[in-house]
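Novice: Fold the following, please.
(2 chains)
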Amino acid sequence: MAKSRVSTAEIINDDSKGILADWLTELSAAGQDTRIDQAEVRRQATELLKVMAKAVGEGLDVDGPAWQAVREHLESISRSRAIRGLSSQETATFVLSLKRPLFRRLQKLTAEDPDALSRETWVITEFIDKLALHTVNTFQKAREDVISRQQEEMLELSTPVVKLWDGVLALPMIGTLDSARTQVVMESLLQRIIETGSEIAIIDITGVPTVDTLVAQHLLKTVTAIRLMGADCIISGIRPQIAQTIVHLGVELQGVTTKATLADALALALKRSGLTVTKIKTA
Amino acid sequence: MERIPILRMGQFLLVTIQVDMHDQLALQLQDDLTAQIQKLGSHGVLIDISALEVVDSFIGRMIANISAMSRMLDAETVLVGMRPAVAITLVELGLSLPGVHTALDVERGMKRLQAGLDGVVDEVDGDH
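Specialist: Model prediction:
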């Protein structure tokens, strides 16, 4: 095994410039991507080969401490690709296309020794595959991070409680209402009612695509909770289709004040607070 | 024995629940409150539960009962200061306390009772 290590290391160290050139040719043959420019691919490849040449002298244990720098480099490459939206296949290809240049050189060196050729082929395949797997793993992790961050942002964005007037809060709901979301919405609205001491809360469901019995149930629960706290609730933004669905479903929305538009709801809220809106008379 | 104090404020009675409600305490309150309404001829009861952090179905039902009993004795009940967590719990328990008036704080609750006494409560309740 001692000899085999040396020869793989030799291949990389002897002709790193040639390998790099071949590698880049391979990469461009695999298809150019507009999302990542050629100069950057070149820079990444050069850097990776440099750290690899250093690590390969220490052995081919990819998981070992000697390869730490290589692994970190691969991680940064795959992360940058995940953020740019490249597929995992494209990212893996970046590492895997290093195989052919290495095999070609190996073939030349071991032309008279088929045993060494097959042995070394296996060694190179194994370590390149390990590197590729590590790259894909990191790639996936980066993608998952992006997704979970977006999910959190969406949940936060979807529950903005806005103050329309002194003592009047509004909650424009957008998207489908499920149990988890209703819970978040309900809690944040109730909390805001307490904080601001508002007596009227308007729930606007213009952005809710469909209302089924479950959604209606959630809405009723929210309205009841608001009433229990001592505030009033108005539901606005009911589209004609939704009004039809609610009646067809036989959902009782009795005791709940409903309005067609947010403007109507605000007008009612102002009226209940004893306010009127008038036009300024121009002299 | 532990009791929840019932304070008289003019024509109204003020009950502030500042300890954890347990069943015996709730029953005691029910007895005391109805007796006081009868004795003082009060026209309104204000129950402040802003310090109450935990409710169960029994306490929820007791509140509804006390309110119904007061109404029979010609005293409106206003429940004030319910915390969001308590409100959510009651809703999840299916206790929507129909017929119980609510307000955000003691001040607004008082205003509401006064309005009820002046005969304008319908305006507050009704939809215009």
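Novice: CA only for contacts and neighbour counts going forward, please
Specialist: Will do.
Novice: Mind telling me what element the residue sitting nearest the centre point of chain A is part of?
Specialist: Residue closest to the average C-alpha location in chain A (CA atoms, centre = their mean): residue A:147, at 2.1 Å. Residue A:147 belongs to helix A:114-157 when assigned by DSSP states H and E.
Novice: Now for residue A:221: which residues touch it?
Specialist: Residues in contact with residue A:221 (CA atoms under 8 Å, 6 or more residues apart in numbering or on different chains) are B:91, B:92.
Novice: Can you say which helix or strand has it in it?
Specialist: Judged by DSSP H and E, residue A:221 forms part of helix A:213-229.
Novice: For whatever residue of chain A ends up closest to chain B, grab phi and psi.
Specialist: When scored by CA to the nearest CA, chain A has residue A:230 as its residue closest to chain B, at 3.5 Å. Per-residue torsions, residue A:230: phi 100, psi 10 (degrees, to the nearest 10).
Novice: Hmm, it is touching residue B:80, no?
Specialist: Yes - between residue A:230 and residue B:80 there is a contact under CA atoms under 8 Å: 6.5 Å.
Novice: Within range of chain B, give me the residues from the stretch 101-250 of chain A.
Specialist: Residues of the stretch 101-250 of chain A lying close to chain B (CA under 8 Å from any CA of the partner chain) are A:187, A:190-191, A:194, A:197, A:199, A:221, A:224-231.
Novice: Could you identify the most distant pair in the residues you listed?
Specialist: Across these, the longest distance by CA to CA is 20.4 Å; it joins A:197 and A:221.
Novice: Contacts only, for the residue of chain A closest to chain B.
Specialist: Counting by CA under 8 Å, 6+ apart, residue A:230 has contacts A:199, B:79, B:80, B:81, B:82, B:101, B:102, B:103, B:104, B:105.
Novice: tell me what the host helix or strand of residue B:114 is packed against?
Specialist: Secondary structure assignment for residue B:114, by DSSP H and E: helix B:106-117. On a contact count with 3 or more CA pairs under 8 Å, 6 or more residues apart in numbering or on different chains; DSSP states H and E, helix B:106-117 meets strand B:44-48, strand B:76-80, strand B:101-103, helix B:121-125.
Novice: tell me the angle the host helix or strand of residue A:201 makes with helix A:213-229.
Specialist: Assigned by DSSP H and E, residue A:201 belongs to strand A:200-207. Counting by axes from the mean of the first three to the mean of the last three CA atoms, to 10 degrees, strand A:200-207 lies at 170 degrees to helix A:213-229.
Novice: Residue B:38 against residue B:75, yeah?
Specialist: No - look at residue B:38 against residue B:75 with CA under 8 Å: they stay out of range, at 9.7 Å.
Novice: okay, the two: which has more neighbours?
Specialist: residue B:75 (25 against 14; other CA atoms under 10 Å in any protein chain shown).
Novice: Contact partners for the more buried one?
Specialist: Taking CA under 8 Å, 6+ apart as the test, what residue B:75 contacts is B:37, B:42, B:43, B:44, B:45.
Novice: now with 6 Å?
Specialist: Shown in contact with residue B:75 (CA atoms under 6 Å, 6 or more residues apart in numbering or on different chains): B:43, B:44.
Novice: Look up how far residue B:109 lies from it.
Specialist: 14 Å (CA to CA, to the nearest Å).
Novice: Which parts of the stretch 151-283 of chain A are helices?
Specialist: Shown for the stretch 151-283 of chain A, the helices assigned by DSSP state H, counting those that start in this stretch span residues A:179-196, A:213-229, A:240-249, A:262-272.
Novice: Point out the most buried one among the ones you listed.
Specialist: Highest mean neighbour count of those: helix A:213-229, a mean of 22 (counted as mean count of other CA atoms under 10 Å in any protein chain shown).
Novice: tell me the average confidence for that one?
Specialist: Computed over helix A:213-229, the mean pLDDT rounds to 88.
Novice: got the angle between it and strand B:76-80?
Specialist: Angle of helix A:213-229 versus strand B:76-80, following the same axes, to 10 degrees, is 100 degrees.
Novice: Show me the shaky parts of chain B.
Specialist: Across chain B, the ranges flagged by pLDDT under 70 are B:1, B:120-128.
Novice: which element follows the helix or strand containing residue A:27 toward the C-terminus?
Specialist: Element membership for residue A:27 (DSSP H and E) is helix A:16-29. Where DSSP H and E defines the elements, the next helix or strand beyond helix A:16-29 is helix A:38-56.
Novice: And the contacts of that next one?
Specialist: Outside helix A:38-56, the residues that touch it by CA under 6 Å, 6+ apart are A:9, A:13, A:66, A:67, A:70.
Novice: Go again with 8 Å.
Specialist: A:8-9, A:12-13, A:16, A:20, A:24, A:66-67, A:69-70, A:73-74, A:77.
Novice: Could you do stretch A:171-183 as well?
Specialist: Stretch A:171-183 is contacted by residues A:155, A:158-162, A:189, A:201-210, A:215, A:218 when judged by CA under 8 Å, 6+ apart.
Novice: among those residues, which ones are buried?
Specialist: Neighbour counting with 16 or more other CA atoms under 10 Å in any protein chain shown marks A:158-161, A:189, A:201-206, A:208, A:210, A:215, A:218 as buried within these.
Novice: can you tell me which residues contact the residue of chain B found nearest chain A?
Specialist: Nearest residue of chain B to chain A (CA to the nearest CA) works out as residue B:103 at 3.5 Å. By CA under 8 Å, 6+ apart, the contact list for residue B:103 reads A:229, A:230, A:231, B:78, B:79, B:80, B:81, B:109, B:112.
Novice: Skipping adjacent residues, who's closest to it in space?
Specialist: Nearest residue to residue B:103, sequence neighbours excluded (CA to CA, 6 or more residues apart in numbering or on different chains): residue A:230, at 3.5 Å.
Novice: Relative to residue B:49, how far out is that neighbour?
Specialist: Separation of residue A:230 from residue B:49 (CA to CA): 12 Å.
Novice: cool, and residue A:167?
Specialist: Distance from residue A:167 to residue B:49, by CA to CA: 22 Å.
Novice: Those two: who's more crowded?
Specialist: A direct count of neighbours by other CA under 10 Å for residue A:167 and residue B:49 places residue B:49 higher, at 20 against 17.
Novice: Please look at the more buried one and residue B:82 and confirm they touch.
Specialist: Yes - using CA under 8 Å, residue B:49 is in contact with residue B:82, at 5.7 Å.
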